[in-house]
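Visitor: Based on what follows, work out the 3D shape:
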Amino acid sequence: MKLKVLFAIGIVLVIGILYFFNPEQYWVMPKCPFKILTGLSCPGCGIQRAIHALLMGDVRKAIGYNYFLVFAGPYALSFIVLYFMPESQAKQRMTRFLNNKYLVNFFIASFFIWLIVRNYFNL
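Guide: Coordinates of the predicted model:
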C-alpha cells in the first residue's frame, strides 16, 4: 500500500511540474539520452512537451509534439489504472488483455516502426 501511495504522489508531482513549467523554457527538464547520443528522435521524444500542452488544453499542439503519444498513450495509461485497481475479476481480465502477447508485440513493433518513420520523415 505504501508503494502505491508513493507512486501516486510521484504521478501528481510530475503532472504538477509539467503543468507549471514548460519543458521548452527550462533547461533543467530532462533531455532524451537517445537523442543526445545519436542525434535521432526516439519514439518518446516530445512527450514532456506534449503532456504540458495537454495540461494547458492544447490538444493539437500536443499531437504535433508526439503523434505516437496519441496512439500509445491510452495503452500506457491502462497500466497505471491497472496498478491502482483493487483485486477483482475485472482486474484479472484487464491484465490478460494488456499482457496478450499479440497486443504487446503489436506495440513493440509499432514503437520501432515509429522510430524509423519519425526520423526518416523528420516528424
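
Visitor: any idea how far residue 11 is from the residue of the chain positioned farthest from its centre?
Guide: The C-alpha centroid of the chain is most remote from residue 89, which lies 26.7 Å away (CA atoms, centre = their mean). Separation of residue 89 from residue 11 (CB to CB, to the nearest Å) stands at 26 Å. Bear in mind the C-beta positions are built from the backbone N, C-alpha and C, glycine included.

Visitor: Residue 78: helix or strand, and which one exactly?
Guide: helix 67-84 (DSSP states H and E).

Visitor: Please tell me I have it right and residue 8 contacts residue 84.
Guide: Yes - between residue 8 and residue 84 there is a contact under CB atoms under 8 Å: 7.4 Å.

Visitor: Would you mind grabbing the residues shared as contacts by those two?
Guide: Listed as contacting both residue 8 and residue 84 by CB atoms under 8 Å, 6 or more residues apart in numbering is no residue at all.

Visitor: Quick check: next helix or strand after the helix holding residue 78?
Guide: Next element after helix 67-84 (DSSP H and E): helix 89-98.

Visitor: May I have the helix holding residue 78 as PDB, with CA atoms only?
Guide: Output of helix 67-84 as PDB, limited to C-alpha atoms (Å, rounded to 0.1, in the frame of the first residue of the first chain):
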ATOM      1  CA  TYR A  67       2.000  11.600 -32.700                       C
ATOM      2  CA  PHE A  68       2.800   8.300 -31.100                       C
ATOM      3  CA  LEU A  69       1.500   9.500 -27.700                       C
ATOM      4  CA  VAL A  70      -2.000   9.700 -29.100                       C
ATOM      5  CA  PHE A  71      -1.700   6.100 -30.300                       C
ATOM      6  CA  ALA A  72       0.300   4.500 -27.300                       C
ATOM      7  CA  GLY A  73      -0.800   6.900 -24.500                       C
ATOM      8  CA  PRO A  74      -4.000   5.100 -23.700                       C
ATOM      9  CA  TYR A  75      -2.300   1.700 -23.700                       C
ATOM     10  CA  ALA A  76       0.400   3.100 -21.300                       C
ATOM     11  CA  LEU A  77      -2.200   4.800 -19.100                       C
ATOM     12  CA  SER A  78      -4.000   1.500 -18.800                       C
ATOM     13  CA  PHE A  79      -1.100   0.000 -16.900                       C
ATOM     14  CA  ILE A  80      -1.300   2.800 -14.400                       C
ATOM     15  CA  VAL A  81      -5.100   2.300 -14.000                       C
ATOM     16  CA  LEU A  82      -4.400  -1.500 -13.600                       C
ATOM     17  CA  TYR A  83      -1.800  -0.800 -10.900                       C
ATOM     18  CA  PHE A  84      -4.400   1.100  -8.800                       C
END
